[in-house]
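**Q** Whatever this is, show me its structure:
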Amino acid sequence: MGCSIVEGIAGTTFVTRRNNSLSPGGRRLVLGFLAVLVLAISLGFAFSGAWLVLPFGGLDVLLVYLAFRYMERHAADYESLSLGDDTIVIERGQRGSTRKFEFNRHWAQVDYQEPRGMDSGKLVLRSHGTDVEFGIYLTDKQRADVARRLKEHLRIR
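**A** Here you go, the predicted model:
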């Protein structure tokens with residue numbers, strides 16, 4: 001998880017991405033190692049007479065494979081928020097499709113809701129009845145920092 005901030009002549013852009021701690025090759029290596037380990041343990045139990053361990057070991061590997069497949073499909077997901085002279089553009093890319101939301105900079109409001117209990121904090125931009133959440137890939141601390149910086153940028157102009 002992280003947020004990169006690019007400030008230039010045209011404005012400021014905040015970009016957030018998912019935390020991909022394993023590369024695709026690393027995921028294949030972990031899955032292969034896990035499959036070999038589970039197969040060896042399951043075969044040992046099967047030869048001892050507990051043959052039902054074998055299908056459940058295969059189910060374990062299948063579930064890890066499906067989780068890695070889900071991670072692979074969402075590895076390139078991102079969010080970007082660009083502050084122009086008169087506009088704020090939020091772009092969200094998920095599974096190859098992109099959604100864009102555009103706000104008038106002078107009417108947009110930044111609303112940060114502190115985390116409560118087990119719920120994460122929320123950073124919402126709103127204007128004219130439209131609410132768009134930003135920072136879904138960030139930690140609460142990072143989300144609060146982005147909210148503070150957004151409020152500063154909006155106050156400047």
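
**Q** if I read this right, Val132 contacts Leu125, doesn't it?
**A** Yes. Here Val132 reaches Leu125: they are 5.3 Å apart, a contact under C-beta atoms under 8 Å. C-beta here means a position set from N, CA and C on the backbone, and glycine is covered the same way.

**Q** how does this structure divide into domains?
**A** For the chain, automatic domain parsing gives the domain ranges 2-19+78-156, 24-73.

**Q** What average pLDDT does the last one get?
**A** Meaning domain 24-73. Domain 24-73 shows a mean pLDDT of 94.

**Q** For that domain, what is the distance to the chain centroid?
**A** 26 Å (C-alpha atoms, centre = their mean, to the nearest Å).

**Q** okay, Arg105: pLDDT?
**A** The confidence metric pLDDT takes the value 86 at Arg105.

**Q** list the contacts for Leu34?
**A** 61, 64 (C-beta atoms under 8 Å, 6 or more residues apart in numbering).

**Q** And Ala50, its phi and psi?
**A** phi -100, psi 70 (degrees, to the nearest 10).

**Q** which of the domains of the chain is buried the deepest?
**A** domain 2-19+78-156 (a mean of 15; mean count of other C-beta atoms under 10 Å).

**Q** Secondary structure element holding Lys141?
**A** Element membership of Lys141, judged by DSSP states H and E, is helix 140-156.

**Q** That helix packs against which elements?
**A** strand 2-7, strand 12-17, strand 78-83, strand 109-113, strand 122-127 (3 or more C-beta pairs under 8 Å, 6 or more residues apart in numbering; DSSP states H and E).

**Q** centre of the chain versus it, how much separation?
**A** On C-alpha atoms, centre = their mean, the centre of helix 140-156 falls 19 Å from the chain's centre.

**Q** Average pLDDT for that helix, rounded please.
**A** Rounded mean pLDDT across helix 140-156 is 85.

**Q** Quick check: next helix or strand after the one helix or strand Leu31 maps to?
**A** Assigned by DSSP H and E, Leu31 belongs to helix 24-47. Counting by DSSP H and E, the next helix or strand C-terminal to helix 24-47 is helix 53-73.

**Q** what's next to that next one, contact-wise?
**A** 20, 22, 24, 27, 30-31, 34-35, 38-39, 41-43, 45-46, 95.

**Q** thinking again about what came up before, could you pull out the residues contacting both of Val132 and Leu125?
**A** Common neighbours of Val132 and Leu125 (C-beta under 8 Å, 6+ apart) are 90, 101, 103.
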